[in-house]
Each structure stands twice: as C-alpha cells, then as structure tokens.
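Enquirer: Quick one, structure for this:
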Amino acid sequence: MFESRNALVIGTEIATNGLESGGSLRVDTIRTIIEKAGFKVTVTSKSKAKNFLESDWDLIVVVSFSCSRLLSQARCKTSNLWFDPTDSWQLSRFSLLRAGQISQLPRLFRDLFWLSRSPNLDLLTFISQRDALTEQNWWQKRINPLILPVFELNRKVVQGDSSRLVFVGDGKYVANRRSLDFLGEVLRHLPQSFEIHLFGDSLKYSNPRFKSHGYVSKSELYRTRDIHLVPVKFGSGLKLKAAVPLWNGLPVVATAEGATGLSLGGSLYVGNTPKEFAKKILLAQESTDSFLLNPPRETVFVDNDLAEITTWLQTI
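Expert: Alright, predicted model coming up:
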C-alpha cells in the first residue's frame, strides 16, 4: 500500500495566524502545490516549529527569509529541504529603511548572519526574478533558484453599476500612506467627478475626493467596472494589490514598481508620474465595460517555474 509522504511548512507568525495577508497567500500557494503532489502537509509558525523539528519529515519547506535561522535545524530532519525566501531581504529591508523604519537595519544584519550559515538546499524559490537576481551573490555558489509566483487568487467579482477607482491597503503601513500622497497629485490631473475609494484599516486622507470605507469583506472590493490603483514607489516581491485584480480580470493602473513581475499589456497600465498615471486611468476606464469573462489567472505573471517544481516534488 502506498505510504503517504509527510511535509512540514514553516512560516512567519503573520503568515500562519489564519488571517489573509501576503505571507498567508504565499504559504497557501506552497501548501496547495505540495498537497497536489500527494503529500500530507502540516503548517506551523517559526515560534512553534521546535516541537515539529523533533521528528523526521519527507520534505520541509522554510518560507520567508525571516525564518532562515531554522534552516540548519530543518536540514537535520529531512533529506529534502526547500527554502522559499519569497522576497529579496535586501530589497525588503532597505525599502522599509527608506520609509523611516530604523529597526530594519539590525534585522538585516540578523538575516545576513543566519543566511550565511544556511546548509545545502535541495530547492530554492523566489516570488519574482528581480528578487532572485538581487540575491545572486548569495545563491550563486549554492543552488540556482526557481521562480514561483502566488496562485489561488480567485475572488468573487460582483456586478458594478459605475466605474470606481479603488485603492486597497493598511493605513498603518508607510508605503500605503505615501501612495495616497501620490494619488492626491494624480487627482489634480483628472476631472473633478473622479473619486478614489479607499479600503483598509486606518486608511484615510483629508482630500474630500478620497472616500474611506475602512476594512470591508472581500465581496465589496471587486466589482466589474472597478479600476485598481497601485502607485507603489519602493518595495520587493509581487504587489498582491495588483496581482489579485489582474488575476480576476479587472484593470490595474500601477507604477513600474507596482507592476514588478507582472505581464505588461492586457489589463495592466503603467505610469510613473502623477500626470502619466492619470492618463493611464482614463485609458483603463475606456475598457471597464468589457469585463473579462475568462480572466488571465496564472498568465499575469512574467516568470513561473511551477512545472519544474512539481516535477521535483514527484521525485521525492
């Protein structure tokens, strides 16, 4: 009788606390891939991983560079070790440093310490090619990485009566607050009738043309005539506020940073200055009446090595 293979997935506290976030979507993507390959999967946070690392596993996946200190322990408990830093630690930490979070500097040094001590790996993945290339000096003497974006981003898109400009984010995050400053400049280049709808905790702006809705359910975020705005200027990885609406057939207007790792053309419009961004919004609005009944799904990503990863899992 076929014996089930057991896999352990270790993620950050945020990625495993049961609430939706970029981290949880990453863990869900990896868990789904492993389950489809026939593994029985256990997911745990890095703070609770010690007990699970007392046993042997057919496969262990360490998700996020901030969990890298567990790699050596995991190596001792499996013959198949998969490390998914997800994003570039340099891009992630330095972008937050530029946003004023000084605490990111010692965290970067901590990352570099544990990463320098990482054992041999059997599989290494990043969420985008840019993130992988940024860390080439680290991995080029270890193992060549594969690119794995995020999947299972299906959302219910309800019928919309009018076209909305939508921005989704947490107002406590500096990058989101700076995005609102940029969008305030964008509105100066659009007719007075244009408003921007804000969805997210603590996401407010003094301009009366911004309409704050606070935290709402997913069903209120996606309507057939919506245009999602992603005016991100710095960061790392894929911007899920762009990937999710694109995956579901909705148009997105983004900066070049916001469009990183995503296929240009189709429903994705890119503008880097407030004036360019406003022009792209007007272009996107012309297509809002033709909602895609067959959304692009996985094809929104530029790089995708899922087939290779699946083949590797089948060899375990």
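
Enquirer: For the protein, give me the ranges with low pLDDT.
Expert: Applying pLDDT under 70 to the chain flags residues 1-3, 288-294.

Enquirer: Show me the helices in it, by range?
Expert: 22-36, 49-52, 71-75, 89-98, 104-116, 129-134, 136-139, 174-187, 240-247, 274-285, 306-314 (DSSP state H).

Enquirer: Ok, which of these comes nearest residue 60?
Expert: helix 71-75 (4.4 Å; Cβ to Cβ). Backbone N, C-alpha and C define where each C-beta goes, glycine included.

Enquirer: Stretch 35-48: which residues count as buried?
Expert: When burial is assessed from 16 or more other Cβ atoms under 10 Å, stretch 35-48 yields the following buried residues: 37, 39, 41, 43, 44, 45, 46.

Enquirer: Including distance to residue 287, could those residues go into a markdown table?
Expert: As requested, these are exported to a markdown table (distance: Cβ to Cβ, whole Å):
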| residue | distance to residue 287 |
| --- | --- |
| 37 | 38 |
| 39 | 42 |
| 41 | 40 |
| 43 | 39 |
| 44 | 44 |
| 45 | 42 |
| 46 | 43 |
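
Enquirer: Pick the one among those closest to residue 141.
Expert: Nearest to residue 141 among the buried residues of stretch 35-48 is residue 46, at 25.8 Å by Cβ to Cβ.

Enquirer: quick one: the closest one and residue 10 touch, right?
Expert: Yes: if you go by Cβ atoms under 8 Å, residue 46 and residue 10 touch, sitting 5.7 Å apart.

Enquirer: which neighbours do those two share?
Expert: 67, 70 (Cβ atoms under 8 Å, 6 or more residues apart in numbering).

Enquirer: OK, contacts around the nearest residue to residue 134 once chain neighbours are set aside?
Expert: In this structure, residue 134 finds its nearest non-sequential neighbour in residue 88, 4.0 Å apart by Cβ to Cβ, 6 or more residues apart in numbering. Each residue near residue 88 by Cβ under 8 Å, 6+ apart is listed here: 126, 130, 131, 132, 134, 135, 236, 237.

Enquirer: Those: which two are farthest apart?
Expert: 135 and 237 (12.3 Å).

Enquirer: got the domain boundaries for this structure?
Expert: 5-148+303-314, 165-299 (automatic domain parsing).

Enquirer: wait, which of the ones you listed is closest to residue 154?
Expert: domain 165-299 (6.8 Å).

Enquirer: How far does that closest one stretch from one end to the other?
Expert: End-to-end distance of domain 165-299 (Cα to Cα, to the nearest Å): 24 Å.

Enquirer: do the same with stretch 220-234
Expert: Stretch 220-234: ends 27 Å apart by Cα to Cα.

Enquirer: one step back: pipe the domains of the chain into JSON lines and attach distance to residue 156 per row.
Expert: Listed next are the domains of the chain as JSON lines, based on distance: least, Cβ to Cβ, whole Å:
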{"stretch": "domain 5-148+303-314", "distance to residue 156": "14"}
{"stretch": "domain 165-299", "distance to residue 156": "6"}
